[in-house]
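[1] Need coordinates for the below:
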Amino acid sequence: MKRVYLLVSESSLDRESLQKAFASVFASLSFPSDKEAVGEGESDALYALEKGISVYHHETGSNLIVLAVHRFDGFSAKLAHEALSFLPNKASFMSDVILHELRYGDYSSLSFLSALFADLPQEIMETALEYLRHDRDALSASSSLYIHRNTFLYRMKAFKKMTMLDVRDYHDGLLLELYTGLLKRN
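    Numbers count the residues shown, from 1 in each chain. Sure, this is the predicted structure:
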């Protein structure tokens with residue numbers, strides 16, 4: 001499975017060093033700003049990402065964060081810049097950063113999560129949540145919703161298309177669980 005990665009540095013990125021350090025992960029990188037790069041790679045690239053971060057930091061002396069995101073937008077950029085301050089030179093996930101925020105009473109990501117899930121039809125949201133409640137067992141979740149397995153799969157595809165999140169992935173599912181947990185709390 002492919003995943004989008006956002007790379008953020010505390011100083012201007014050395015593009016040549018960055019591309020060299022991450023050549024095994026990214027075929028190409030785009031540069032939205034002088035301190036940000038975006039690449040697409042395999043979802044199981046954590047070891048290669050950590051190695052690339054180490055090489056880049058050693059060559060440039062600059063701290064770097066690599067954040068696995070569902071797309072490059074204002075929310076992912078906000079999280080990556082925050083993560084740079086408390087997770088320098090690490091590969092991380094959006095859910096890790098949000099959990100760190102919550103640990104310190106920072107609920108600033110709730111509005112972004114609300115926007116991400118706001119336009120979902122209720123049955124699509126309920127289907128994804130039921131899938132998580134049933135430990136990612138599609139048959140069990142579809143049975144509990146009293147819907148055909150094909151209807152269930154159709155709704156799961158719709159969830160993925162609308163949010164760009166795949167709740168079969170632990171970290172993407174955790175974003176949905178964080179959102180619903182925060183809603184219940186408020």
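[2] all contacts plus neighbour counts: C-alpha atoms, from now on.
    OK.
[3] Show me the domain layout of the protein.
    Domain assignment for the chain by automatic domain parsing gives 2-105, 111-185.
[4] could I get these as TSV with mean neighbour count and mean pLDDT?
    Below are the domains of the chain laid out as TSV (neighbours: other CA atoms under 10 Å; pLDDT from 0 to 100):
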stretch	mean neighbour count	mean pLDDT
domain 2-105	18	94
domain 111-185	16	94
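[5] Quick check: bridge partners of the spatially most central residue of the chain?
    With distances taken as CA atoms, centre = their mean, Val69 lies nearest the centre of the chain, 3.1 Å away. The residues listed as beta-bridge partners of Val69 by DSSP bridges are Val4.
[6] which residues touch it?
    With contacts taken as CA atoms under 8 Å, 6 or more residues apart in numbering, Val69 has the following neighbours: Arg3, Val4, Tyr5, Leu6, Ser76, Phe93, Met94.
[7] Now for the closest residue to the third one other than its chain neighbours: which residues touch it?
    Going back to what we said before, that points to Tyr5. Using CA to CA, 6 or more residues apart in numbering and skipping the chain neighbours, the partner closest in space to Tyr5 is Ala68 (4.6 Å). Ala68 makes contact with Arg3, Val4, Tyr5, Leu6, Ala91, Ser92, Phe93, Met94 under the criterion CA under 8 Å, 6+ apart.
[8] Can I get the residues you listed in CSV including distance to Phe112?
    Putting the contacts of Ala68 into CSV (distance: CA to CA, whole Å) gives the following:
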residue, distance to Phe112
Arg3, 20
Val4, 18
Tyr5, 18
Leu6, 17
Ala91, 22
Ser92, 18
Phe93, 16
Met94, 12
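[9] Test my guess that Leu132 contacts Gly173.
    Yes. In this structure Leu132 lies within contact range of Gly173 using CA atoms under 8 Å: 7.1 Å.
[10] Name the residues contacting each of those two.
    Shared contacts of Leu132 and Gly173 (CA under 8 Å, 6+ apart): Val167.
[11] Identify the farthest-apart pair in the contacts of Val69.
    Considering CA to CA, no two members of these lie farther apart than Arg3 and Ser76, which are separated by 13.1 Å.
[12] show me the contacts for the most far-flung residue of the chain relative to its centre.
    What lies farthest from the middle of the chain is Tyr146; by CA atoms, centre = their mean that is 30.7 Å. Applying CA under 8 Å, 6+ apart to Tyr146 gives no contacts.
[13] In a helix, it, correct?
    No. Looking at Tyr146 with DSSP: H, G, I helix; E, B strand; the rest coil, it is coil, so not inside a helix.
[14] OK, contacts around Arg136?
    Arg136 makes contacts with Arg168, as judged by CA under 8 Å, 6+ apart.
[15] which SS state does it fall under?
    Counting by three-state DSSP, the backbone at Arg136 sits in coil.
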